[in-house]
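Asks: Output the structure for:
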Amino acid sequence: MKTAALTILLLTLISSRALERGRDYMREKVCQEFNSIGKERFRAGAIIASSRKYSNATLEEILNIVEEMVSISEKCCPEGTDPDCYENEKRNQKSLAMLTHMSNKACSRYNLLGGEKTTFSYVIQLAQKSTNASLEDVQTLARDASEVLSRTCNATANDNVQREFLEHTAKICSRLATKDERFGDCCTDTNTTKAYFCIYSLPWAKSPDLPDFHKPKSEDLCREGGYPEPYSYMYEIARRYTYVPEALFLAIRKTSRNIVASCCSDVDPKACFGVKRPQMEEQINDLLTKGNELCWEYTHLPFLEFKTKLRETYSKSLPEATEEVLSGLVEERASFASTCCLLNAPPVYCVLKIKTGVSQTCSHSVCLLH
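Replies: Below is the predicted model of the structure:
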C-alpha cells in the first residue's frame, strides 16, 4: 500500500515538474522568437497564427488578440523579468481568447436568427437551465443578451465587446445566483469571463414536477390582448420539458401562431379552434414528451446503449419492420439526437429535421408541424 502511495506521489511530482518545464519551454520559445525577430515580425507571425486558430473571428478581434500577445511579450521577455510574469499575463490573454470564441458563436447565431428569435432562444435556454427563474428574470436577461449582441456583433473595439459581455454576466448573477445553486456556483468565480463560460456551459436542469399553468380560452385568442405574453407560454413549457431541443420550441411556436391567425381570420373562429386546437395540443404534447425522453436518454446513456434502446423501441412499435428499415430508423434518430440534443445546436437544420420527421409520422388529416 505504501509502495503504491509512493508511486502515485512520484508520478504526481513528475507530472507537476513536467508541466512546469512545459510552461518554461513555452515561455522560452516565445521569448526567444520575440527577441530574435523583433516586435513587428513577431506581430505579423502572430496575426497569421491567430487567424488560423480563430477562423471565425473578425480582423479587429484578431488584431486585439495579437496586441495582447505582443504586450505580454514586451513585458515578460526582457532579461531579468520574473519567470511568473509570462504565466500571470498569459492567463489574461486566454480569458480574452475564450471570450472572443464565445462571442463569435453567439454572433453567428444572432446573425442567423435575428433579434427577436435570439431573444426567444435565450428565454428557452434560461428557462431550461434554471427552472426556478421567474418569467420576469428570464425575459429581462434574454432581451439584454439580444441587445448586447445587436451592439457588439459589428463592433470594431474588442474592449467594448468584453465590457458588454461581462456586464451581462453580472446581471445574470445578480438575478439568478440566489435562485439557482448551479448559477450561484458559477458566479462565485472572481474571473467574470470564467463565470460567463461556466454559465454558458451549464447543462439542462432536471425536469421539475410543476402544477399545470393557465392557458387562454380559444374565444379569447382573437381579442386584442387575448394572446398570451410573447414568451410566457413557451417559458412555462420549457420549465417542464427541460431536455426538449430548442428547435422544437421554434417549430411549435411558429405553428401555434399560424393556427391562431388562421382561425381568427376564419368565418367561424370557434368552429375552427374546435377542430384544430385539440389536434394541435395532442401533437404538441406528444412531441414534447418524445423529444424530452429522447434527449434525456441521449444525454445520460452511453451512445451504444442509447442506440440499443432506440432499436428496442422501434422493434416494439414496428414489429413487422425489416432489419434494414429498423437500422435506418435507428441511425436517423441517433443522428438527429447527436446534432440537436445539444445546447446551442444548429436551429435551422434541427427545425428542418423535426418537420421532416413529423410529416413522416403524422397521424392526423392535418399535420400541424408540416
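Asks: need the contact list for Asn132.
Replies: Contacts were defined as CB atoms under 8 Å, 6 or more residues apart in numbering; by that measure Asn132 touches Lys179, Asp180. C-beta: built from backbone N, CA, C; applies to glycine.
Asks: what about it, distance to Asp144?
Replies: Summarising the geometry, the distance separating Asn132 from Asp144, computed by CB to CB, to the nearest Å, is 19 Å.
Asks: OK, contacts around the nearest residue to Ser315 once chain neighbours are set aside?
Replies: Closest residue to Ser315 apart from its sequence neighbours, by CB to CB, 6 or more residues apart in numbering: Leu326 at 6.4 Å. Leu326 sits next to Arg311, Tyr314, Ser315, Leu318 when contact means CB under 8 Å, 6+ apart.
Asks: Weed out the non-buried ones from those residues.
Replies: If you count burial by 16 or more other CB atoms under 10 Å, the buried members of those come out as Arg311, Tyr314.
Asks: Low-confidence bits of the stretch 1-150 of the chain, can you list those?
Replies: Within the stretch 1-150 of the chain, the segments meeting pLDDT under 70 span 1-26, 54-58, 60-61, 86-87, 90-94.
Asks: just the helices in it please.
Replies: Across the stretch 1-150 of the chain, reading from the start of the chain, the helices by DSSP state H, counting those that start in this stretch fall at 2-37, 39-53, 59-76, 84-113, 115-129, 135-152.
Asks: and these, which is most packed in?
Replies: helix 115-129 (a mean of 22; mean count of other CB atoms under 10 Å).
Asks: okay, the angle between that one and helix 84-113?
Replies: Our comparison of helix 115-129 with helix 84-113, counting by axes from the mean of the first three to the mean of the last three CA atoms, to 10 degrees, yields an angle of 120 degrees.
Asks: Could you name the helices and strands sitting against helix 115-129?
Replies: Packing partners of helix 115-129 (3 or more CB pairs under 8 Å, 6 or more residues apart in numbering; DSSP states H and E): helix 84-113, helix 135-152, helix 232-240, helix 246-264.
Asks: Pipe the ones you listed into CSV and attach distance to Ile199 per row.
Replies: Shown next, in CSV, are the helices and strands packed on helix 115-129 (distance: least, CB to CB, whole Å):
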stretch, distance to Ile199
helix 84-113, 11
helix 135-152, 10
helix 232-240, 17
helix 246-264, 17
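Asks: Is Arg239 in contact with Gln128, as I believe?
Replies: Yes: under the criterion of CB atoms under 8 Å, Arg239 is in contact with Gln128, at a separation of 7.5 Å.
Asks: and the nearest residue to Val244 once chain neighbours are set aside, how many residues sit next to it?
Replies: The shortest distance from Val244 to any residue other than its chain neighbours is 4.4 Å, reached at Gly291 (CB to CB, 6+ apart). Gly291 has 23 neighbouring residues, counting by other CB atoms under 10 Å.
Asks: which element is Gly291 on?
Replies: Gly291 is part of helix 269-300 when elements are defined by DSSP states H and E.
Asks: gap between that helix and the chain center?
Replies: Between the mean C-alpha location of helix 269-300 and the chain-wide mean there is a distance of 23 Å, by CA atoms, centre = their mean, to the nearest Å.
Asks: Many thanks, I have nothing further to ask.
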